[in-house]
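Trainee: one predicted model, sequence on top.
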Amino acid sequence: MRSMDRSELLARLVAWVGLTGLRRESVADTVRRLGAVQLDPVQVVVPAHLWTLSLRRGPTPPEALNRALATGDLLEGYCHARALVHREDAAALVQAFRHHRARELGRQYGVAGEMRSALAVMERQGPVLSRTLASTRRVVAGWDARGAARTKATSAALELLWWEGRIAVVSRAGGQKQYDLLSRHLPQVDHQIETLPEGDAARAAVRHQYRTMGIVGPGGSGPPWSGSGGPARSTWTAALADEGELVPVSADGKAYWVWGALLDGDPPTPRRGWLLAPLDNLLWHRPRLEALAGFHYRWEIYTPAAKRRVGPYNMPVLQGTRFWGEADARWEEGRLTTRLVAGGADPTAGILRAVAAAEALCARLRGIPGADSIPEGAPAPGPVGSGRPG
């Protein structure tokens with residue numbers, strides 16, 4: 001086992017997840033480099049996935065993502081959370097698609113008829129918007145609690161067909177998902193679901209998890225969508241270690257599995273300040289974050305208001321490899337306002353620049369007139385960081 005200082009391991013992780021500076025590349029190339037980007041449509045500031053992409057490649061409006069979905073360069077997959085993956089990594093999702101097909105949730109939700117009808121419509125018409133299939137019948141599905149039938153039957157049917165890998169999201173224009181048959185949109189992925197040997201599918205899933213995470217441990221958790229655990233994961237972890245792709249590392253007495261490529265070259269020295277989206281790749285596994293950075297983070301959007309420490313959309317504030325604190329971010333009166341909250345330290349000039357850049361980025365992503373003329377990293381109109389450091 002290789003020994004390493006915790007600070008070096010953290011610096012390498014920050015660099016691995018793309019937080020050392022912007023790269024002028026396509027949305028698809030950014031997702032391929034990161035391995036995956038978690039999706040979330042919450043609009044308190046802007047959708048978290050657009051923020052995550054923008055911190056790596058510059059302002060990324062919904063239209064840029066839609067183009068990548070429409071061309072089939074990107075695929076939305078699901079296990080425990082929605083995630084964007086590159087089509088070259090689609091094999092990593094095969095097990096999850098097969099798992100959902102085997103569960104036959106359409107029968108459990110009582111929407112098998114709606115599922116057949118939706119497939120027939122797409123077969124005849126091609127891509128369809130979810131709203132064109134809307135029904136008045138309600139069923140118990142998804143987030144419904146205590147047996148309350150709140151979900152539209154057609155919405156449940158589309159979600160299940162997507163889980164099973166029978167349809168694909170080809171656009172999210174205007175907040176409405178557009179679907180098409182996976183066999184028509186990405187026939188190579190549909191073929192993998194039907195034919196990829198089980199061992200190859202398991203290896204692809206485990207390999208993708210480790211490559212995307214970069215560092216796993218303590219706790220051994222994979223990404224939010226990971227579908228391979230138990231014996232398959234243990235088997236392929238050992239195989240990847242034997243092949244040299246995974247390296248066991250000890251840092252401050254804790255054991256980690258580290259993707260070998262992350263250890264190549266001299267240690268990076270990240271310096272830039274960032275306001276991170278709540279679902280940023282760096283934040284995926286909270287025990288890892290606490291072990292490496294000593295930072296405890298909880299997204300408070302689902303926390304009762306009386307129990308919130310910061311605010312509903314609390315964005316971690318990172319300076320280089322140090323978490324300075326959090327920002328209570330809100331969209332108010334046509335602009336992003338931020339209240340900085342930390343344990344006593346005043347914000348550095350780098351953090352204030354990061355706040356200003358975040359305000360400018362938010363204006364661009366929301367299509368505020370004139371926002372495109374603001375240079376990257378320049379202060380947004382108005383005072384830096386509305387409200388004062390808390």
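Mentor: The structure has been received and is ready for your questions. Numbers count the residues shown, from 1 in each chain.

Trainee: C-terminal to the helix or strand where A291 lies, what's the next element?
Mentor: Secondary structure from DSSP states H and E places A291 in helix 286-293. As assigned by DSSP H and E, the chain's next helix or strand after helix 286-293 is strand 314-319.

Trainee: starting from that next one, tell me which strands it pairs with and how they run.
Mentor: With DSSP bridges as the test, strand 314-319 is paired with strand 273-275 (antiparallel), strand 322-332 (antiparallel).

Trainee: mean confidence for the longest one?
Mentor: Taken as a whole, strand 322-332 carries a mean pLDDT of 93.

Trainee: repeat that for the shortest one.
Mentor: Along strand 273-275, the predicted local confidence has a mean pLDDT of 95.

Trainee: outside of it, which residues touch it?
Mentor: 19, 55, 315-320, 324, 327, 329, 338, 348, 350-351, 353-355, 358 (C-beta atoms under 8 Å, 6 or more residues apart in numbering). Using the backbone N, CA and C atoms, a C-beta is placed for each residue, glycine as well.

Trainee: also stretch 187-196?
Mentor: 75, 87, 90-91, 94, 97-98, 165, 168, 182-183, 201, 204.

Trainee: can we see that at 7 Å?
Mentor: Stretch 187-196 has contacts (C-beta atoms under 7 Å, 6 or more residues apart in numbering) with L75, R87, A90, A91, V94, F97, R98, G165, L182, S183.

Trainee: just give me the closest of those to W236.
Mentor: A91 (13.1 Å; C-beta to C-beta).

Trainee: count the neighbours of the closest one for me.
Mentor: The number of residues packed near A91 is 21, by other C-beta atoms under 10 Å.

Trainee: specify the local secondary structure of it.
Mentor: helix (DSSP: H, G, I helix; E, B strand; the rest coil).

Trainee: so the residue lying closest to it once chain neighbours are set aside, which of the three states?
Mentor: Sequence neighbours aside, A204 is the residue nearest to A91 in space, at 3.9 Å (criterion: C-beta to C-beta, 6 or more residues apart in numbering). For A204, the assignment made with three-state DSSP gives helix.

Trainee: and A204, how far from A232?
Mentor: Computed as C-beta to C-beta, to the nearest Å, the A204 to A232 distance reads 11 Å.

Trainee: same check, this time on G217
Mentor: 18 Å.

Trainee: so where do the helices sit in this structure?
Mentor: With DSSP state H as the criterion, the chain has helices at 6-16, 27-34, 48-57, 62-70, 94-103, 105-109, 112-125, 153-163, 182-185, 187-195, 198-213, 230-242, 286-293, 349-365.

Trainee: distance to R137 added to those helices, as JSON lines?
Mentor: As requested, those are exported to JSON lines (distance: least, C-beta to C-beta, whole Å):
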{"stretch": "helix 6-16", "distance to R137": "47"}
{"stretch": "helix 27-34", "distance to R137": "36"}
{"stretch": "helix 48-57", "distance to R137": "31"}
{"stretch": "helix 62-70", "distance to R137": "29"}
{"stretch": "helix 94-103", "distance to R137": "22"}
{"stretch": "helix 105-109", "distance to R137": "11"}
{"stretch": "helix 112-125", "distance to R137": "8"}
{"stretch": "helix 153-163", "distance to R137": "4"}
{"stretch": "helix 182-185", "distance to R137": "25"}
{"stretch": "helix 187-195", "distance to R137": "29"}
{"stretch": "helix 198-213", "distance to R137": "36"}
{"stretch": "helix 230-242", "distance to R137": "38"}
{"stretch": "helix 286-293", "distance to R137": "39"}
{"stretch": "helix 349-365", "distance to R137": "36"}
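
Trainee: any idea which of these gets closest to R146?
Mentor: Across these, closest to R146 is helix 105-109 (C-beta to C-beta), at 15.9 Å.

Trainee: show me what counts as buried in that closest one.
Mentor: Buried residues in helix 105-109, counting neighbours by 16 or more other C-beta atoms under 10 Å, are found at L105, G106, Y109.

Trainee: out of the strands paired with strand 314-319, deepest packed?
Mentor: strand 273-275 (a mean of 24; mean count of other C-beta atoms under 10 Å).

Trainee: pass me the low-pLDDT residue ranges in the stretch 1-150 of the chain, would you?
Mentor: The model of the stretch 1-150 of the chain has pLDDT under 70 over residues 79-80, 145.

Trainee: one more pass at 90, please.
Mentor: Across the stretch 1-150 of the chain, the ranges flagged by pLDDT under 90 are 1, 21, 40-44, 77-82, 96, 99-100, 103-108, 134-136, 140-150.

Trainee: residue furthest from the geometric center of this structure?
Mentor: R124 (33.0 Å; C-alpha atoms, centre = their mean).

Trainee: more neighbours, A204 and A232?
Mentor: Applying other C-beta under 10 Å to A204 and A232 shows that A204 carries more neighbours, namely 21 against 18.

Trainee: that one and P278, how far apart?
Mentor: A204 is 28 Å from P278, by C-beta to C-beta.

Trainee: what do you get for D252?
Mentor: 27 Å.

Trainee: repeat for W162
Mentor: 23 Å.

Trainee: neighbour count winner among the two?
Mentor: P278 (24 against 21).

Trainee: what pLDDT is listed against that one?
Mentor: 94.

Trainee: for P304, find the nearest of the helices of the chain.
Mentor: Using C-beta to C-beta, the nearest of the helices of the chain to P304 is helix 286-293, at 19.6 Å.

Trainee: does anything pack onto the closest one? Which helices or strands?
Mentor: helix 6-16 (3 or more C-beta pairs under 7 Å, 6 or more residues apart in numbering; DSSP states H and E).

Trainee: what about 8 Å?
Mentor: If contacts are counted by 3 or more C-beta pairs under 8 Å, 6 or more residues apart in numbering; DSSP states H and E, helix 286-293 sits against helix 6-16, strand 215-216.

Trainee: okay, buried residues for that helix please.
Mentor: R288, L289, A291, L292, A293.

Trainee: and for stretch 194-208?
Mentor: L196, A201, A202, R203, A204, A205, V206, R207, H208.

Trainee: run a quick neighbour tally on the nearest residue in space to the last one that is not next to it in sequence.
Mentor: What sits nearest to H208 in space, not counting adjacent residues and going by C-beta to C-beta, 6+ apart, is A92, at 3.5 Å. Other residues within reach of A92, judged by other C-beta under 10 Å, total 30.
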